[in-house]
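# Just need the structure, nothing else, for what follows:
(2 chains)
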Amino acid sequence: MSEQEYVPKSKAGKWFNDRLPLLSLASHLTDYPTPKNLNYWWTFGGILTFCLLTQIITGIVLAMHYVAHADLAFASVEHIMRDVNYGWLIRYIHSNGASMFFLAVYIHIFRSLFYGSYKSPREIIWIIGLMIYLLMMAAAFMGYVLPWGQMSFWGATVITNLFSAIPLVGDSITTWLWGAYSVDNPTLTRFFSLHYLIPFLILGLVVLHIWALHVPGNNNPVGIDIKKPSKDTVPFHPYITIKDTFALLLFMIIFAGFVFFAPNVLGHSDNYIQANPMVTPAHIVPEWYLLPFYAILRSVPDKLGGVILMFGAIFILFVLPWLDTSKVRSAVFRPIYRQFFWILIIDVLVLGYVGAMPAEGIYLVLARVGTVYYFLHFLVVLPVVGYLEKTEPVPLSISEPVLSGSADYSMAKKDNEKI
Amino acid sequence: MDKSDKKTTRRDFLFTTSYTVGAVGLGAVIWPLIDQMNPDRAQKALATTEVDISQIEPGKSITVLWRGKPVFLKRRTQEEILEARSVSLEDLPHPEKDEERVKSGKDEWLVMLGVCTHLGCVPLSNKGDYKGWFCPCHGSHYDLSGRIRKGPAPKNMEIPKYEFVDANTIKIG
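Numbers count the residues shown, from 1 in each chain, chains lettered A, B, ... in the order given. Predicted coordinates:
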């Protein structure tokens, strides 16, 4: 960032800033030069920050009323719903907030995939983002266990049993995770402890995520570097803050729609039955945001193989910046990649759908095809398309397509000469 | 000893020994923090359960909770035992004779953990392609001896340690 040294106007401000440069930081965040062509897909960073803070605040409040004990947890959640003032509201915001958090993070991730935001020099931002995503999944899974309903219990049983697939030490690890010989009270109490911890780890990673973002600056819809900061960028405040706020308000309308009109539509009714270690519900499904990975797990007829592929589907994303060989970032100028991008979206949606269906018949076939394609996309399509694709010409700078109203290369060049 | 070989100094020795002692100390501190998550004494204390089996008719089964897990106690009929024993070992993903899975002389009693060896769900009895158990979670089929026949589960359902205390009582664990 090329910025002038910030000097507070007041004497007291200068005194403080010399000792702890918080005002310099605030000034950097306010004036942070942002590409002026950012579209609404770029507002999800702010929306995600809102989601994280919502989960932390509502979570702290819920923890004041919740009891983490196998005999009391289920009743304490009902106590929150019926007796605690506004308890129903706070709990519905927290439970639907998890879904909204994942909705926003998936849009954020696919934004990055479309516009090549994960590519050099932004690999570290991408990797930190994936670590946040992994922690989000851990937090969501453990949070879902806390009400101690049937889905809580059996979801916890199935997921912790994934570790028993590890050769030799698998069973010891599973027992260690449980603190018992099955999912039981010790499991619940430790999940509560970790569920409370993880959001603060995420908060720390969010700081690193933004820090790493502010080194190269934002990517943008045309995916080219900023040439002339004065022409290509606008200060973060008020231009981006107001745009983010507007997008956040729209997002909150949808959020409130779920909370007030369909608070249980994303949950599962079996979770309103108290956990019973003797009876497994007929059809166990995870929350919607984990369904594609669940489909991959079930598509493999081998226990260890299924677990490896499921984790592999997430960890393959960590090496994505090096699998994609194309120098052009934005899919706007990549006619072939653009099509594969949409096929990947359809593939993930199909996997999500079959993950919610019984693992048999046509669903199993679809899950297998979808799983194979998912890995093909990252391991074969991305490296090969990067070499073979003839990309369209990219504009010379961000200003040109904006000012000329066209991304056309020749037009952009002519305008450039005039200027 | 050549002079040029003399690269290891007194300081290197101090570094190495300090790191080693430090690592051992760190490990000694971390281990209690890890081991506290293993099953505690209260959990281990629940390790045996006695079950009265006098009321179970042939062909019926009961389920009891042992260490937080369901245990199936099935009193099999002669036909069921014969069927379980007629299977060739080559047809089994995890080959085990039915005789190895019951106590000799008590062949009608099948006592096993009612936990699918895939991901830990409780299989449903008298269901599936092999008349034994069927796991609804991911579709594993078990036969009348609790052996895996079809589906993603890798192993037969586990036989816990148990003994007949007297003719009507089984002690599990």
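# Now do the residue nearest to A:I173 when sequence neighbours are not counted, the pLDDT please.
Computed as Cβ to Cβ, 6 or more residues apart in numbering or on different chains, the closest residue to A:I173 that is not its neighbour in sequence is A:F163, at 4.9 Å. Every residue, glycine included, has its C-beta placed from N, CA and C. According to the prediction, A:F163 has pLDDT 90.
# Let me know whether A:F163 touches A:T175 as I believe.
No: at 9.9 Å, A:F163 does not count as touching A:T175 under the criterion of Cβ atoms under 8 Å.
# picking up where we left off before, next up, the contacts around the residue nearest to A:I173.
A:170, A:173-174, A:177 (Cβ atoms under 8 Å, 6 or more residues apart in numbering or on different chains).
# if you set the cut-off to 10 Å instead, what comes out?
By Cβ atoms under 10 Å, 6 or more residues apart in numbering or on different chains, the contact list for A:F163 reads A:169-177, A:307.
# do B:K161 as well
B:47-48, B:111, B:171-173 are the contacts of B:K161 under Cβ under 10 Å, 6+ apart.
# Mark which of those residues are part of strands, please.
B:111, B:171-172 (DSSP state E).
# now the residues you listed in TSV, with neighbour count?
Listed next are the ones in strands among the contacts of B:K161 as TSV, based on neighbours: other Cβ atoms under 10 Å in any protein chain shown:
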residue	neighbour count
B:V111	26
B:K171	14
B:I172	19
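# Which residues of the stretch 1-150 of chain A lie near chain B?
A:A70 (Cβ under 10 Å from any Cβ of the partner chain).
# From chain B, how far off is the most centrally placed residue in chain A?
Note on chain A: the residue nearest the mean C-alpha position is A:V105, at 3.0 Å, using Cα atoms, centre = their mean. Distance of A:V105 to chain B, computed by Cβ to the nearest Cβ, to the nearest Å: 26 Å.
# Mind telling me what element that residue is part of?
Assigned by DSSP states H and E, A:V105 belongs to helix A:87-115.
# buried set for that helix?
For helix A:87-115, the neighbour count (16 or more other Cβ atoms under 10 Å in any protein chain shown) marks A:87, A:90-115 as buried.
# count of residues packed around the nearest residue to B:G151 once chain neighbours are set aside?
In this structure, B:G151 finds its nearest non-sequential neighbour in B:S140, 3.3 Å apart by Cβ to Cβ, 6+ apart. Per other Cβ atoms under 10 Å in any protein chain shown, the neighbour tally for B:S140 reads 25.
# Look up phi and psi at B:S140.
phi -100, psi 140 (degrees, to the nearest 10).
# wait, it sits on B:P154?
Yes: under the criterion of Cβ atoms under 10 Å, B:S140 makes contact with B:P154 at 9.4 Å.
# Name the residues contacting each of these two.
Residues touching both B:S140 and B:P154 by Cβ under 10 Å, 6+ apart: A:303, B:117-118, B:148.
# Could you export the residues you listed as a markdown table, including neighbour count, distance to B:V21 and secondary structure?
Output for the shared contacts of B:S140 and B:P154, formatted as a markdown table (neighbours: other Cβ atoms under 10 Å in any protein chain shown; distance: Cβ to Cβ, whole Å; DSSP: H, G, I helix; E, B strand; the rest coil):
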| residue | neighbour count | distance to B:V21 | secondary structure |
| --- | --- | --- | --- |
| A:K303 | 23 | 42 | helix |
| B:T117 | 23 | 44 | coil |
| B:H118 | 25 | 46 | coil |
| B:I148 | 26 | 50 | strand |
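# would a markdown table of those residues with distance to A:Y40 and pLDDT be doable?
A markdown table is the format used below for those (distance: Cβ to Cβ, whole Å; pLDDT from 0 to 100):
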| residue | distance to A:Y40 | pLDDT |
| --- | --- | --- |
| A:K303 | 43 | 83 |
| B:T117 | 49 | 90 |
| B:H118 | 44 | 88 |
| B:I148 | 52 | 92 |
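# quick one: which of those residues is nearest A:F378?
Distance to A:F378 across these (Cβ to Cβ) is lowest for A:K303, with 23.7 Å.
# Could you list which residues are in contact with the closest one?
The neighbours of A:K303, taking Cβ under 10 Å, 6+ apart as the test, are A:161-162, A:164-165, A:170, A:297, B:117-119, B:138, B:140, B:152-155.
# The same query, at a cut-off of 6 Å, please.
Neighbouring residues of A:K303 by Cβ atoms under 6 Å, 6 or more residues apart in numbering or on different chains: A:165, B:118, B:152, B:154.
# so which of those is the most crowded?
Counting neighbours by other Cβ under 10 Å, the top entry in those is B:H118, with 25 neighbours.
# Not counting sequence-adjacent ones, nearest residue to that one?
Using Cβ to Cβ, 6+ apart, the closest residue to B:H118 is B:A153 (3.9 Å).
# What is the neighbour count of that neighbour?
When counting by other Cβ under 10 Å, one arrives at 25 neighbours for B:A153.
# Would you mind giving the secondary structure of it?
coil (DSSP: H, G, I helix; E, B strand; the rest coil).
# and it, what are its phi and psi?
phi -60, psi 140.
# Double-check it against B:L119; I have them as touching.
No: using Cβ atoms under 6 Å, B:A153 is not in contact with B:L119; the gap is 8.5 Å.
# Strands of chain B, start to end?
Ranges of strands in chain B, per DSSP E, are B:49-52, B:61-66, B:69-75, B:109-113, B:124-125, B:133-135, B:140-142, B:148-150, B:162-166, B:169-172.
# how close does A:L304 sit to B:P152?
A:L304 sits at a distance of 10 Å from B:P152 (criterion: Cβ to Cβ, to the nearest Å).
# circling back to that earlier point, kindly indicate which of the ones in strands among the contacts of B:K161 lies nearest chain A.
Minimum separation from chain A among the ones in strands among the contacts of B:K161 (Cβ to the nearest Cβ) is found for B:I172, which lies at 12.0 Å.
# Does that closest one touch B:W66 like I think?
Yes: using Cβ under 6 Å, B:I172 makes contact with B:W66 at a distance of 4.9 Å.
# Mutual contacts of those two, please.
B:T49.
# Now the phi/psi pair for the residue of the stretch 251-400 of chain A found nearest chain B, please.
Closest approach between the stretch 251-400 of chain A and chain B, counting by Cβ to the nearest Cβ: A:T280, at 4.2 Å. Dihedral pair for A:T280: phi -90, psi 130, per degrees, to the nearest 10.
# Just give the number of residues close to it.
Count around A:T280 with other Cβ under 10 Å applied: 25.
# what sits against the nearest residue to A:L379 once chain neighbours are set aside?
Excluding its sequence neighbours, the residue lying closest to A:L379 (Cβ to Cβ, 6+ apart) is A:L323, at 7.0 Å. Shown in contact with A:L323 (Cβ under 6 Å, 6+ apart): A:378, A:382-383.
# Pull the distance from stretch A:247-254 to the chain's centre.
Computed by Cα atoms, centre = their mean, to the nearest Å, the chain-centroid distance of stretch A:247-254 equals 17 Å.
# Many thanks, I have nothing further to ask.
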